[in-house]
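[1] One predicted model, sequence on top.
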Amino acid sequence: MRFRRACLVALLLAFSYVLGCTVAHTASLDEALAHFTTDDFGETIVGVNEVAASGDPRALIIIRALQDGQLLYSAQKKAVYLKNESGKLTDGATGQSIAGPPPADLESVRLNNRLRGTIDAALGGLTLLAKDPGARYDAAQSVFKSRRTSALPTLENALAKEQDPGVKRAMTEARAALILSGGKASDEDKLAAVDVIRQRGDQDALGLLSSLPPDTAEPVVKSAAAAIGAIKNSLVVWEAVQNAWYGISLGSVLLLAAIGLAITFGVMGVINMAHGEMVMIGAYVTFVVQDVIRARNPALFDYSLAIAIPASFLVAGFIGILIERCIIRFLYGRPLETLLATWGLSLILQQAVRTVFGPNNRDVGNPSWMSGAFDLGGITITYNRLWIICFALAVFIALLALLRYTRFGLEMRAVTQNRPMAASMGIRTSRVDALTFGLGSGIAGMAGVALSQIDNVSPNLGQGYIIDSFMVVVFGGVGNLWGTLVGSFVLGIANKFLEPYAGAVLGKIAILVLIILFIQKRPRGMFALKGRAVEA
Amino acid sequence: MTPHILIRSLDRGASAFLIAIAAIAILIPVLHLALPPTSPFHVPTYLISLFGKYACYALLALSIDLIWGFCGILSLGHGAFFALGGYAMGMYLMRQIGTRGVYADPILPDFMVFLNWKELPVYWYGFQYFPYAVLMVVLVPGALAFVFGWFAFRSRVTGVYLSIITQALTFALMLGFFRNNFGFGGNNGLTDFKDILGFNVQAESTRTALFSITCAALMLAFLLCRALITSKFGKVLIAIRDAEARARFLGYRVESYKLFVFTLSACMAGVAGALYVPQVGIINPSEFAPGNSIEAVIWVAVGGRGTLTGAVIGAVLVNYAKTFFTSGFLAPYWLFMLGALFVLVTLLLPRGIVGTMRHWNALRRDRASAAAEDGVREPLPAE
């Protein structure tokens, strides 16, 4: 049946080609365009459908112009014109610019909502034949969603020609949707269509299957009900997977933000309240780097993050060392005062950035390799999140290696475990302190580069993450880096799993309460230092 | 017995301080009511409200000094107790509006009518009675502090950890109170108050009375703190502050002492909040913001922790500076100044203003007594 119809279409196309398609097309296009000159919505709809059915290459341009209100007509001359952006008129049928002055009674073809629907469907049908596979895919999706059965012939025509497997699947699904929502197909065809839709298995499929027309035959309804059950089950699974993914993504951000905090707290016993501002500074370094690249050498834009990462590490690290040398080293043994002093610093840094860059969000672009997304099963994975997870893990591993295999790492661990003993073994503890603080701040700066890709770059950027990072440190403990890793991913995933049930805010509150209860059991976090170091 | 303790707790400085506050509490209302507005000594209404606000902040600072200065507990979430007390008072004031609200509902406050709520939530019951509201002003912050402290101190969460957790506490409360379905007016909080105990909150006489009452509460709290820290109990607190492990080994139940003083301090903060709300006419969730609580801590640090008088002086000084600088052309630089204040006070003036003055006095006295003994003893070798 389908095959025969496809043959017919192909035959007709070939036939018209042989006849000399320009003549034939122009004739039918002219007839179709005449419908636009009557100022009647019903006539215009007929016009749109005929233009779409004419198969003329100009059909797409004409309907787009109609959609944008750029299609004009003259009732006297019975002619249709297109207006381009500069206001120039071209003839609707031929596309040539018109000679002489324009007709006096030009008016745009009016639209109403029903007409807009028709236009969308017609555009969907027309772009099914577009050259770009992406456009064809989008068109198939829009046909699926619109469920306009009038698009069925065009769709089948397109499906017969389609080569790209992904687009072909989308078209098959769209066809199944059309068949199910009122096409005059046999019950076998409809059952097959239900099967196709079940394979699709997302919210749209669910919506389609639960709104079948009332005259659908009994077996089709039954199989649709079974399909709905199956889809719902798989949706639950995919939702869990999606939540886990979001959780991992949040966890990686927390890891980046908290790990610097954790090592400074571990080595020096001070909490740096200005840590969030180091993150913010890192994000602004990214902004400056991109700004310079845009101005000097736009071709380098895709490498902007590769430049920003070391730059932000150096800038934030340098500021960190400066803070340690000028303020914090005078406050040793007074951790609570350090808290206050660094809080004051955070106010100063925030206000300084606000003064220099203004209080509004700054625009930081995504390089091409970080934008976009791909589908993995039932979930959508955006590239920026994926890269941030990779980056967080890379930073973690690098830090682990630094602690394990370098002289500085050895000294850091020694000072963490027992400061007086380390000092008496000849380790210059004050130098270790300064470098640790610089390292922690530098990592925060790199976290800022990552955050600039997913969050607004504003002077308040750091504040949004600082309390969560504290929670990670409190939860994970400061004994070693694994505590931070586990802490951030546990908190991230728990947060995202609680959110759908409790809402974002109550979820956060629940997490805080859970942490307060958790530290009943382990007052110094999951991976606590043991022995004398605890009381130091 | 009790008066005896109170009298013994007052040294010369403390008595002078009390008299000064009492004088302010009487003098300012008199200057306001008795003098005509044309007189140069007349105190205008807005200043009364401003001073009233300072007095509330001073009370909050006092409550922080009690735990930080004498027990070493740095709470970065005391604003939460302040705001809870404020909300309890705000709920009473909301119920007093009655049919004078925009929607003229006799029971439901305006925001509930606006949110299409049909009946009053259970936790709003009883707030039309002033004594009940006053009870809640003390009880709610106290209960929260008790439960929180019970968990925290029992598991020996101390130092920086405790500070961070208290900050998280106030942050969580802020998030909660920002929600509409929490039943406390969401983003806008509680406002549009009409009267308190039948007196119009906008009236000058009410404002004046509220100012005097706040000063009285401040004096009372000061007396209470003095009595507490000069007693044996206070000595244990100081011991805990200076060497917690040692105090525990000597057989003191450290967590019970801490819990008591933390709860008491939270109640004081709640009272401060309750007095604050009718004077500023609004309470909203931003009072829970972690920044507010930390700012309150710096008032104490500026004045001098562990001095009580210093807390009051610091609160008034810093807030006066804030009023002064945020209203003029210097407004964009206020945060720089506040931040610098945090850094400089902790670095250069760790004892605070009052503490440094006392330290100098003590040094001078030492030197004087050393000079008196010079005749008998050999002078110490130069350092």
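    All right, it came through fine. Numbers count the residues shown, from 1 in each chain, chains lettered A, B, ... in the order given.

[2] any idea how far A:Ile293 is from chain B?
    Applying C-beta to the nearest C-beta, to the nearest Å, the value for A:Ile293 to chain B is 31 Å. For every residue, glycine as well, the C-beta is placed using N, CA and C.

[3] Would you confirm that that residue belongs to a helix?
    Yes - A:Ile293: assigned to a helix according to DSSP: H, G, I helix; E, B strand; the rest coil.

[4] got the contact list for the residue nearest the centre of chain B?
    Nearest to the mean C-alpha position of chain B, counting by C-alpha atoms, centre = their mean, stands B:Leu60 at 0.4 Å. Counting by C-beta atoms under 8 Å, 6 or more residues apart in numbering or on different chains, B:Leu60 touches B:78-79, B:82, B:268-269, B:272-273, B:296, B:315.

[5] Keep only those of the residues you listed that are in helices.
    Judged by DSSP state H, the contacts of B:Leu60 include B:78-79, B:82, B:268-269, B:272-273, B:296, B:315 as members of helices.

[6] which parts of the stretch 251-400 of chain A sit against chain B?
    A:265, A:269-271, A:327, A:330-331, A:334-341, A:343-348, A:350-352, A:355 (C-beta under 8 Å from any C-beta of the partner chain).

[7] If any of those residues are buried, put those into a PyMOL selection.
    Typed into PyMOL, the line below selects the buried ones among these, using 16 or more other C-beta atoms under 10 Å in any protein chain shown:
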select buried, chain A and resi 265+269+270+271+327+331+335+336+337+338+339+340+341+343+344+345+346+347+348+350+351+352
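
[8] Near residue 117, how many other residues are there?
    Because you didn't say which chain, this covers chain A. 13 (other C-beta atoms under 10 Å in any protein chain shown).

[9] Let me rephrase: I mean chain B.
    16.

[10] okay but it is in contact with B:Asp110, surely?
    No - contact criterion C-beta atoms under 8 Å: B:Trp117 and B:Asp110 do not qualify, at 10.9 Å.

[11] Surely A:Pro133 is in contact with A:Gly166?
    Yes - using C-beta under 8 Å, A:Pro133 is in contact with A:Gly166, at 7.5 Å.

[12] just to revisit the earlier point, dump the contacts of B:Leu60 to CSV, plus distance to chain A.
    Formatted as CSV, the contacts of B:Leu60 follow (distance: C-beta to the nearest C-beta, whole Å):
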residue, distance to chain A
B:His78, 14
B:Gly79, 14
B:Phe82, 18
B:Met268, 20
B:Ala269, 18
B:Ala272, 21
B:Gly273, 21
B:Ala296, 11
B:Ala315, 15
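
[13] on that earlier part again, joint contacts of B:Trp117 and B:Asp110?
    Between them, B:Trp117 and B:Asp110 share no contacting residue, judged by C-beta under 8 Å, 6+ apart.

[14] thinking again about what came up before, name the nearest residue to the residue nearest to the centre of chain B, ignoring sequence neighbours.
    B:Ala272 (4.4 Å; C-beta to C-beta, 6 or more residues apart in numbering or on different chains).

[15] what's near enough to touch the one you found?
    Contact analysis of B:Ala272 by C-beta under 8 Å, 6+ apart lists B:56-57, B:59-60, B:63, B:82, B:85, B:217.

[16] Ok, B:Trp360 next?
    B:Trp360 neighbours (C-beta under 8 Å, 6+ apart): none.

[17] my read is it is in a helix, agree?
    Yes - judged by three-state DSSP, B:Trp360 forms part of a helix.

[18] how about B:Ala340, secondary structure?
    Under three-state DSSP, B:Ala340 falls in the helix class.

[19] quick one: average confidence on whichever strand or helix holds B:Leu66?
    Using DSSP states H and E, B:Leu66 sits in helix B:45-71. The average pLDDT within helix B:45-71 is 94.

[20] now swap in stretch A:458-472 and tell me
    Mean per-residue pLDDT for stretch A:458-472: 87.

[21] List the buried residues of it.
    A:458-459, A:461-472.

[22] if you look at those, which of them are in helices?
    Using DSSP H, those in helices are A:463-472.

[23] contacts with chain B among the residues you listed, please.
    Okay, of those touching chain B (C-beta under 8 Å from any C-beta), that's A:467, A:470-471.

[24] Which single residue in the stretch 201-350 of chain B comes nearest to chain A?
    B:Phe342 (2.3 Å; C-beta to the nearest C-beta).

[25] For the stretch 301-450 of chain A, just list every one of the helices.
    Using DSSP state H, counting those that start in this stretch, the helices of the stretch 301-450 of chain A run over A:304-326, A:335-357, A:383-405, A:407-417, A:419-424, A:429-452.
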